[in-house]
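Undergrad: Please find the sequence and the predicted model below.
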Amino acid sequence: MSGSEADRRIPNQRAHTRSRMSIDEKISKTLNDLDAISPEAIGELFGEVTSALESERKALIAAGAGDGRERSQKVKDLRDRWLARKGGLVSLIDENWLKKAPKELKPAVGRAFNQLRQVATCVDTESLLQEVRVQADVPVRLVAHAGVEFTAEVIRGQDLTLPGYRQPMGSIHPVTQVMREIEDIFLGLGFSIESGPEIESVYYNFDALNIPESHPARDDWDTLYVNSETVLRTHTSPVQIRAMEKHGAPLYILCPGKAYRHDNPDSTHATMFHQVEGLAVDRDISFADLKGTLDYFARKFFGDKIKTNFVPSFFPFTEPSGELSISCVFCGGEGCRVCKESGWIEVMGCGMVHPEVLRHGGIDPERYSGWAFGLGVERFAMMKYDINDIQLFHQGDVRFLEQF
Ligand code: DAH
């Protein structure tokens, strides 16, 4: 081995030994001992010191302390270990590395040392005390929130003149508000609230509602299938069947809930939206009951000036079927862009429950009859608050939501 090769190997070996030393050991040596004789090696060494400092601080914060006394002790120990004037790691670095650095490396070491000194203030007593949690704090805060009487033991060390934690107030989502308003109107008429699953069987979503697989009307609902027997319900109508099975007749129910469709989102379509379904089943229920009830509902919801109009339509689960229109809430029936100059806006589907549907619900259509309706909640909210984009309801933008 030539002399120059040997020279090159020794520093490498030293560097290797260096990497196995603890940080305290390294600090007890000089830069020369550590073979840190280039600005890069010095940068690396100071980097190691900084990460050791950081991880010791984090470990203390993560561990916390049982009580105030233990916290003070632990904080003091860490502070002294790094910052004590005599024997603290920072001052040892000053002694062993900076002061003993060869002249040409002094500026680099000095710069790194100053940075370290700054970083090391994170373990000074004041800033660290704030970060280390005391276990006993937790019950104190809980008690303070619950408003339970304080015991001397609990309040020790707490400043009771500090203001409490103020939580920003939220508000009820406009869709929920409208849903509740609709519920209230029908609750006042003696209806009760029912709910059903959003992941629904093809049977309840379609077959039981008189929409067999072969029926072209299935295509009216752009269905999201979970598998061949299960769908995300495309409407709240399946709850009609579930409620009939569960309670039998007579039955007056309202079912608010989510529905899903494989629609492209735009200003009037969303893949998830809300519906309210209504169903009344009793002896001698007639179309007049349907008209009277929905007319009453529309006036309650949109105001007394509203007029209603029933237009024939088709739904497989009602016979006859209709669509309820109201006089346009925007122009009062004069004709405008929203009502396409017709003066009327169609607001929901409805009809007399098909005998086959009653039968699927276990109710004898010879003895009972019923009416039903289904409406879109977002659509109602859009009309009520003059909102032109359904997407706004589902984006969670506080600037929109705080207006309600
Ligand atoms: N389920 C229908 C839909 O989603 C709405 C509907 C129409 C519900 C007529 C009914 C009804 O209960 O009778 O489009």
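TA: Arrived safely.
Undergrad: Thought Asn32 was touching Pro102, still the case?
TA: Yes. Counting by CB atoms under 8 Å, Pro102 touches Asn32, with 7.3 Å between them. Quick note: C-beta positions are derived from backbone N, CA and C, even for glycine.
Undergrad: ok, the residue nearest to Pro238 when sequence neighbours are not counted to Ala280 distance?
TA: Of all residues not flanking Pro238 in the chain, Tyr204 sits nearest, at 3.8 Å (CB to CB, 6 or more residues apart in numbering). Separation of Tyr204 from Ala280 (CB to CB, to the nearest Å) stands at 20 Å.
Undergrad: Tell me which of those two has more neighbours.
TA: Ala280 (24 against 21; other CB atoms under 10 Å).
Undergrad: Let me know whether the more buried one touches Ala249 as I believe.
TA: No. Counting by CB under 8 Å, Ala280 stays clear of Ala249, with 9.8 Å between them.
Undergrad: Find residues that contact each of those two.
TA: By CB atoms under 8 Å, 6 or more residues apart in numbering, Ala280 and Ala249 have these common neighbours: Gly370.
Undergrad: how far away is the closest residue to Lys106 other than its chain neighbours from Thr121?
TA: The shortest distance from Lys106 to any non-neighbouring residue, by CB to CB, 6+ apart, is to Leu98 (7.5 Å). In this view, Leu98 and Thr121 are 18 Å apart by CB to CB.
Undergrad: Those two: who's more crowded?
TA: Leu98 (17 against 12).
Undergrad: is it true that the more buried one touches Phe113?
TA: Yes. Contact status for Leu98 versus Phe113: in contact at 5.0 Å, counting by CB under 8 Å.
Undergrad: What's opposite the closest residue to the ligand within the stretch 201-350 of the chain in the beta bridge?
TA: Nearest residue of the stretch 201-350 of the chain to the ligand: Gly349, at 2.6 Å (CB to the nearest ligand atom). For Gly349, the beta-bridge partners are Glu323, Gly374 (DSSP bridges).
Undergrad: Can you give me every residue that contacts it?
TA: Taking CB under 8 Å, 6+ apart, one finds Ser313, Phe315, Thr318, Ser321, Gly322, Glu323, Leu324, Phe373, Gly374, Leu375 in contact with Gly349.
Undergrad: and what of Phe113?
TA: Phe46, Ile93, Asp94, Trp97, Leu98.
Undergrad: now do Cys255
TA: Contacts of Cys255 (CB under 8 Å, 6+ apart): Ile193, Glu194, Ser195, Gly196, Thr236, Val239, Gln240, Ala243, Val276, Glu277, Gly278, Leu279.
Undergrad: Restricted to helices, list the residues you listed.
TA: Among the contacts of Cys255, DSSP state H puts Val239, Gln240, Ala243 in helices.
Undergrad: need those in a markdown table with pLDDT, distance to the ligand and neighbour count, can you?
TA: Shown next, in a markdown table, are the ones in helices among the contacts of Cys255 (pLDDT from 0 to 100; distance: CB to the nearest ligand atom, whole Å; neighbours: other CB atoms under 10 Å):
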| residue | pLDDT | distance to the ligand | neighbour count |
| --- | --- | --- | --- |
| Val239 | 98 | 10 | 25 |
| Gln240 | 98 | 7 | 31 |
| Ala243 | 98 | 12 | 23 |
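Undergrad: okay, those residues in JSON lines with distance to Glu366 next?
TA: Formatted as JSON lines, the ones in helices among the contacts of Cys255 follow (distance: CB to CB, whole Å):
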{"residue": "Val239", "distance to Glu366": "24"}
{"residue": "Gln240", "distance to Glu366": "19"}
{"residue": "Ala243", "distance to Glu366": "20"}
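Undergrad: Give me the buried entries from the contacts of Phe113.
TA: With burial judged by 16 or more other CB atoms under 10 Å, the buried subset of those is Phe46, Ile93, Asp94, Trp97, Leu98.
Undergrad: Need the max-distance pair from these.
TA: Phe46 and Asp94 (12.5 Å; CB to CB).
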